[in-house]
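Enquirer: From the sequence below, what's the structure:
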Amino acid sequence: MAGYNLKEVMNKPERLSAGHRMCAGCGATIGIRAVLRALHEGDHAVIGNATGCLEVSSFMYPYTAWEDSYIHNAFENAGATLSGVETAYRALKKRGRLPENENFKFITFGGDGGTYDIGFQSLSGAMERGHDMVYVCYDNGAYMNTGIQRSSATPQFADTTTTPVGKMSNGKVQTRKDLAAIIAEHHVPYVAQTTFTKDFKDIHIKSEKAIYTEGAAFLNVLAPCPRGWRYETSEIMKICQLAIDTCYWPMFEVDHGNWRLTYEPKKKLPIEDFLREQGRFKHLFKPGCEDLIAQFQEEVDRRWEDLLFRCSR
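Expert: Alright, predicted model coming up:
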C-alpha cells in the first residue's frame, strides 16, 4: 500500500456489507472491514470465522453479510479449517483444476476466546506448518458473546462475570497473555499488532503486508466492546487512541524476524487515562486502590521496555 491514500482505500467496495447484527460501537466489524480493504481489486478471498460475536451476528442461514466465500467453523478450529482449505486450493491449482487467472487469499477471523484460549492449539499448528493464510484476532478482551467471561486476553483487574469485583475481589488476578509475541516465536513470515487510528493507516498497511506476504501471518487487532468494557458507543476511537498512547496496546510488527515499532507516543500517558474511560475498571478509582493502578502501570512499563529492547536489536 505504497503512497497510502485514505480516501482511495475507504472508497473500495465493502466486503462485509451493512445489515449485520453487531452492536453499535463494536470494534470487531470496524477491524474486519479495515482488514478486507487491503485485498487488491480482482482478488478473491475465502473467509473462515470461529464461533463468536462476529459469526452469530454476520451469518444466519440463509442470510450473510459476507461478500466473499465464507466458512463458519467451530470455536476451536478456525486455524485448522482455513489451513485445510488453503492446502486443498494449492493441490487443485497444481492439478490444473482451477482457473490460472484467479487469485484467492485465505483469511480467518476469531475473537480472543477462540484464539488465545480454545483455538490456540489449532492456530499454533497452522502457523507452525506455514500455510499461506492470515489469522486475524479481533481482541475484545473476554468471551463477549456468551456473557463477558474472562479470557487469557482479559487485562488484570478487569470486572467480568467470572472475575466479579466484590468485597474479596478486585477483578481478574492474572495479567493478559502476550499472544503476538508467542506467535512471533513460531518464526512465521509476518506478525503484527494494531488497532484503529484516525487515518486507519497502520491497520491498512499491516493488513496488506499480512495478506500478500507469502506464508503464514498473524494480526492481533484491539477491538473494543461497549458491553464488556462499558464505554459510550461513540467513544471507541478515543479508547483505541488511549490504548496506544498509554502503551497498553503497543503497535508493532515482526517482519521475517525483524521487530519494528510502528507507533511511539510523543508523550506516554499514564495507564489510568485508559482505565478511567471503562466501567470494567471503575473499582480501581475508589479510595485505597491506588496501589492496584500502580501495579497495572508497572506491568505496562515492563512490557513496553521489553518491546523497545526487541525493536532495537
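Enquirer: For the rest of this, base every contact and every neighbour count on C-alpha atoms.
Expert: Fine.
Enquirer: now the chain, which segments are flagged as low pLDDT?
Expert: Along the chain, segments meeting pLDDT under 70 span 1-2.
Enquirer: Which parts of it are strands?
Expert: 44-50, 59-60, 63-64, 69-73, 104-111, 134-139, 190-194, 217-222, 252-255, 258-261 (DSSP state E).
Enquirer: which residues are contacting the longest one?
Expert: This points to strand 104-111. Strand 104-111 is contacted from outside by 43-53, 78-79, 82, 86, 132-140, 143, 211, using C-alpha atoms under 8 Å, 6 or more residues apart in numbering.
Enquirer: ok, back up a step: got a markdown table for the strands of the chain, with distance to residue 202 too?
Expert: Shown next, in a markdown table, are the strands of the chain (distance: least, C-alpha to C-alpha, whole Å):
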| stretch | distance to residue 202 |
| --- | --- |
| strand 44-50 | 21 |
| strand 59-60 | 28 |
| strand 63-64 | 28 |
| strand 69-73 | 26 |
| strand 104-111 | 18 |
| strand 134-139 | 15 |
| strand 190-194 | 7 |
| strand 217-222 | 11 |
| strand 252-255 | 9 |
| strand 258-261 | 11 |
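Enquirer: for those strands, which one sits closest to residue 90?
Expert: Residue 90 lies closest to strand 104-111 among the strands of the chain, at 10.1 Å (C-alpha to C-alpha).
Enquirer: ok, the closest one: who's next to it in the sheet?
Expert: Using DSSP bridges, strand 104-111 pairs in its sheet with strand 44-50 (parallel), strand 134-139 (parallel).
Enquirer: what's in contact with the last one?
Expert: It refers to strand 134-139. Here strand 134-139 makes contact (C-alpha under 8 Å, 6+ apart) with 27-28, 31, 79, 106-112, 115, 123, 153, 210-211, 216-224.
Enquirer: Same question for it: list its buried residues.
Expert: For strand 134-139, burial by neighbour count (16 or more other C-alpha atoms under 10 Å) applies to 134, 135, 136, 137, 138, 139.
Enquirer: Would you mind measuring from residue 113 to residue 201?
Expert: Distance of residue 113 to residue 201, given as C-alpha to C-alpha, to the nearest Å: 27 Å.
Enquirer: Of those two, give the one with the bigger neighbour count.
Expert: Per other C-alpha atoms under 10 Å, whichever of residue 113 and residue 201 has more neighbours is residue 113, with 30 against 18.
Enquirer: count of residues packed around the closest residue to that one other than its chain neighbours?
Expert: Distances taken as C-alpha to C-alpha, 6 or more residues apart in numbering place residue 143 nearest to residue 113, at 5.5 Å, with adjacent residues excluded. As a burial measure, residue 143 scores 24 neighbours (other C-alpha under 10 Å).
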